[in-house]
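In: Here is my input; please provide its structure:
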Amino acid sequence: MRQFFGVLRFVAAAAIVAAIVGQFVKSLSLAPDPAAFVVNFFSFFTILSNLLGAIVLVVAAWYAFRGRDDSPGFALVRACATAYLATTLVVFNLLLRDLALDQAATVPWSNEILHVWAPLYVLLDWVFAPGRRPVPWRRLWTVAIFPLAWAVYTMIRGAIVGWYPYPFLDPAVRPGVGYDGVLVYVVAIAAFILLVGAGVIAISRTSWPYGRRSDESPGVVAAPAVRSRQDAVVDR
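Out: Sure, this is the predicted structure:
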């Protein structure tokens, strides 16, 4: 079972990398300013979260083939990646799915992998793959660090260069609302990421579907009870 998930993880990671490269090459060929395009491309939360997901899947595959449970630190990183990709799945399909895309620049299969199939696989892998280690509740705040840092970077850079990766982050999209409207979106998405992170951590702390938590070593039997003084005397 562990090796089976190891193979799936390598396949999923390869699909993510192929999707990112495919979209990058297509868009770069149409970009009037390649240098600006490269920075813009790697400023999308979708791209960054999928890159993290691909790296996590490769490391998780290594753990699977070694027959080892996740280390505590890697379990936390994996939980964060799962929360980010699950958020990408929900936000894209709720807020961005119906937006008109530049079909000349968009690679359809890449778009679906990065926004739907990769996030779905990473989430299902977290639920069903053996070797998952419980993540402490006190680590929940860690999930918000990267998205908040990305939001700050995006708003500062956007104010300087006049470009935002998503329409709901652009203050000029809704005149009269401006940064107040953007702040509402940022707070809402941050709260949603924490909610998803809480769900991811909660799943990690259950024994389902394998009947034991991954921090419980299999095959460990309870220590025998201490014998009474009378039993010890009889043995003599």
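In: Can you report how many residues neighbour residue 204?
Out: For residue 204, the count of nearby residues is 23 (other CB atoms under 10 Å). C-beta coordinates here come from the backbone N, C-alpha and C atoms, glycine included.
In: Contact partners for it?
Out: Counting by CB atoms under 8 Å, 6 or more residues apart in numbering, residue 204 touches 75, 79, 126, 132-135.
In: Tell me which other helices or strands the helix or strand residue 125 falls within touches.
Out: Assessed by DSSP states H and E, residue 125 sits inside helix 118-128. Judged by 3 or more CB pairs under 8 Å, 6 or more residues apart in numbering; DSSP states H and E, the packing partners of helix 118-128 are helix 2-30, helix 45-66, helix 72-91, helix 178-204.
In: Is it possible to get CSV of the contacts of residue 204 that adds pLDDT and distance to residue 61?
Out: Shown next, in CSV, are the contacts of residue 204 (pLDDT from 0 to 100; distance: CB to CB, whole Å):
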residue, pLDDT, distance to residue 61
75, 97, 15
79, 98, 17
126, 97, 14
132, 93, 14
133, 94, 16
134, 96, 21
135, 97, 20
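In: of all those, which comes closest to residue 149?
Out: Checking the contacts of residue 204 against residue 149 by CB to CB gives residue 79 as the nearest, at 17.4 Å.
In: Distance of that closest one relative to residue 60?
Out: Counting by CB to CB, to the nearest Å, the gap from residue 79 to residue 60 is 12 Å.
In: residues contacting residue 172?
Out: Going by CB under 8 Å, 6+ apart, residue 172 touches residue 178.
In: residue nearest the centroid of this structure?
Out: Nearest residue to the geometric centre of the chain (CA atoms, centre = their mean): residue 81, 2.2 Å.
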